[in-house]
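1. fold the following, please.
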Amino acid sequence: MNSRRIHALIATMVFALAPAVTASAPAKDSIPKGIYALFHVDSKRTGLPGDDAASKPFVTGIATRTYWNLIERKEGEFDWTTFDATLALAKRHARHAAFRVMNGIGTPDWVYAAGARRYDAGEWQGKSKGIVPVPWDPVFNDKWRRFLAAFGARYDANPAVAYIAMSMPAGAWAELFYPKTLRELPDYTYPKWKETHQRFIGYYAGAFKTTPLTLALSGHGPLQQLVSDITDYIVAEYGPHNARVYIQANGWSDHGVMGAPTPDIEASFAPIWEKPLRHGFQQIAGVAWAKRGDHRMGDQTKANDLFLRLRGEYAEIYDADVLADECHLPLQQLANALRR
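-> Below you'll find the predicted structure:
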């Protein structure tokens, strides 16, 4: 292990033990702003982001997400190809890059072989959410923290990296995850669950001392209390209106931002957007989903109005929508509004 990675690992361990750490301010040119074309890379979709999306005039950056088990297939051996290619593409088009690595169902088998506990996350909307680690398990926490140390050692403070999207403990997807089966574990308590999230934010802040971080939220499941407590924690830890940790709603459409199943649940999250935090949104559904009968996105122009009314600073738009001709005009209008 080289000295840079050793230093990053030591710094992360110190952060985890210390009550508070004052992180350096992110570089001005790395603060998230504008529209990011969102690419998902997994074992089935292995193609990397291409020039067709990066070259769109309304695109500010390329956001690529993938899984932990595709980067660290063996402990301590890292394959950064996906992110390096994204960074090269972004630089070629004078864009920024953003990265997200998901644990949960993307946790490598060797983590469980090392002794990490796991549980069945059950079903959601009739589909299995898979086997995921117990969030507070010490083996899982140690392996994930070590991974983040290597992640940060490679990409932190790179001015072309606009943000790192955090993956919270044992999520089945990119957002906060709170399955019923987790609450049925014999050692589950809400304080333990909340403290685990706070600790994971600390792991990221220790690994990425200058690069802005984002925390994805959604309106599914009984998340109102957790979202409220975690956002309060971010304000207390990093300050009001800080540019260190952004919150991001991953259900943005023409009628809401949380992707909640009912208007009442969507409305219950409204106080979050009045807190002194900076934020962005990720678009739900869109062109590709509409072709399958999912029309939740609705009208892009109306969605833009909602985005601006809630003071969004950056938007993640799936690559299919970035490439769709019918989306170009409203996305250009949004990009123009964000440049003012």
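
2. okay, CA-based contacts and neighbour counts for the rest of this
-> Fine.

3. bridging residues for Met102?
-> The bridge-partner assignment for Met102, based on DSSP bridges, gives Tyr67.

4. got a list of what it touches?
-> Met102 makes contact with 65-68, 167, 171, 173-174 under the criterion C-alpha atoms under 8 Å, 6 or more residues apart in numbering.

5. repeat the analysis, applying 6 Å as the threshold.
-> Applying C-alpha atoms under 6 Å, 6 or more residues apart in numbering to Met102 gives the contacts 67-68, 167.

6. one more: Tyr246?
-> 214, 278-279.

7. including neighbour count, could the residues you listed go into TSV?
-> Formatted as TSV, these follow (neighbours: other C-alpha atoms under 10 Å):
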residue	neighbour count
Thr214	24
Arg278	21
His279	24
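
8. from those, which ones fall inside strands?
-> Among the contacts of Tyr246, the members found in strands (DSSP state E) are 214, 279.

9. make JSON lines out of the contacts of Tyr246 and add distance to Asp294.
-> Compiled in JSON lines, these are given as follows (distance: C-alpha to C-alpha, whole Å):
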{"residue": "Thr214", "distance to Asp294": "27"}
{"residue": "Arg278", "distance to Asp294": "29"}
{"residue": "His279", "distance to Asp294": "26"}
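
10. ok, so of the contacts of Met102, who is nearest Ala290?
-> Tyr67 (25.8 Å; C-alpha to C-alpha).

11. any idea how far Thr107 is from the closest one?
-> 8 Å (C-alpha to C-alpha, to the nearest Å).

12. more neighbours: which of these two?
-> Neighbour totals were compared for Tyr67 and Thr107, and Thr107 leads with 24 against 21 (other C-alpha atoms under 10 Å).

13. now the phi/psi pair for that one, please.
-> Here is the backbone geometry of Thr107 (degrees, to the nearest 10): phi -70, psi 130.

14. what's Pro133 in contact with, if anything?
-> Residues near Pro133 by C-alpha under 6 Å, 6+ apart: 117-118, 170.

15. how about low-confidence regions in this structure?
-> Low-confidence segments of the chain, defined by pLDDT under 70, span residues 1-30, 125.

16. all helices of it, in order?
-> Listed in chain order, the helices of the chain (DSSP state H) span 3-17, 51-54, 68-71, 81-92, 109-113, 138-155, 180-183, 190-207, 224-238, 263-268, 287-290, 300-309, 319-323, 325-339.

17. Phe99: which of these is closest?
-> Between Phe99 and the helices of the chain, the shortest gap by C-alpha to C-alpha is with helix 81-92, which sits at 7.0 Å.

18. circling back: need the helices of the chain in a markdown table with distance to Gly122, can you?
-> What follows is the helices of the chain, written out as a markdown table (distance: least, C-alpha to C-alpha, whole Å):
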| stretch | distance to Gly122 |
| --- | --- |
| helix 3-17 | 31 |
| helix 51-54 | 36 |
| helix 68-71 | 21 |
| helix 81-92 | 30 |
| helix 109-113 | 18 |
| helix 138-155 | 20 |
| helix 180-183 | 6 |
| helix 190-207 | 18 |
| helix 224-238 | 20 |
| helix 263-268 | 22 |
| helix 287-290 | 24 |
| helix 300-309 | 32 |
| helix 319-323 | 30 |
| helix 325-339 | 36 |
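
19. now distance to Leu38 and mean neighbour count too, for these, in TSV please.
-> Below are these laid out as TSV (distance: least, C-alpha to C-alpha, whole Å; neighbours: other C-alpha atoms under 10 Å):
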stretch	distance to Leu38	mean neighbour count
helix 3-17	28	16
helix 51-54	10	18
helix 68-71	18	21
helix 81-92	11	18
helix 109-113	27	15
helix 138-155	19	20
helix 180-183	29	15
helix 190-207	21	19
helix 224-238	24	16
helix 263-268	24	14
helix 287-290	13	16
helix 300-309	16	17
helix 319-323	5	20
helix 325-339	14	15
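
20. looking at those helices, which is closest to Val41?
-> Val41 lies closest to helix 81-92 among those, at 8.0 Å (C-alpha to C-alpha).

21. what are the contacting residues of the closest one?
-> The contact list for helix 81-92 (C-alpha under 6 Å, 6+ apart) reads 96-97.

22. and that helix, C-alpha only, in CSV?
-> Provided in CSV are the C-alpha atoms of helix 81-92 (Å, rounded to 0.1, in the frame of the first residue of the first chain):
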residue,chain,number,x,y,z
THR,A,81,-11.8,1.8,-14.9
THR,A,82,-15.4,3.1,-14.9
PHE,A,83,-14.6,6.2,-13.0
ASP,A,84,-11.4,6.9,-14.8
ALA,A,85,-13.1,6.7,-18.1
THR,A,86,-15.9,9.0,-16.9
LEU,A,87,-13.3,11.5,-15.7
ALA,A,88,-11.4,11.3,-19.0
LEU,A,89,-14.7,11.9,-20.9
ALA,A,90,-15.6,14.8,-18.7
LYS,A,91,-12.2,16.5,-19.2
ARG,A,92,-12.4,16.0,-22.9
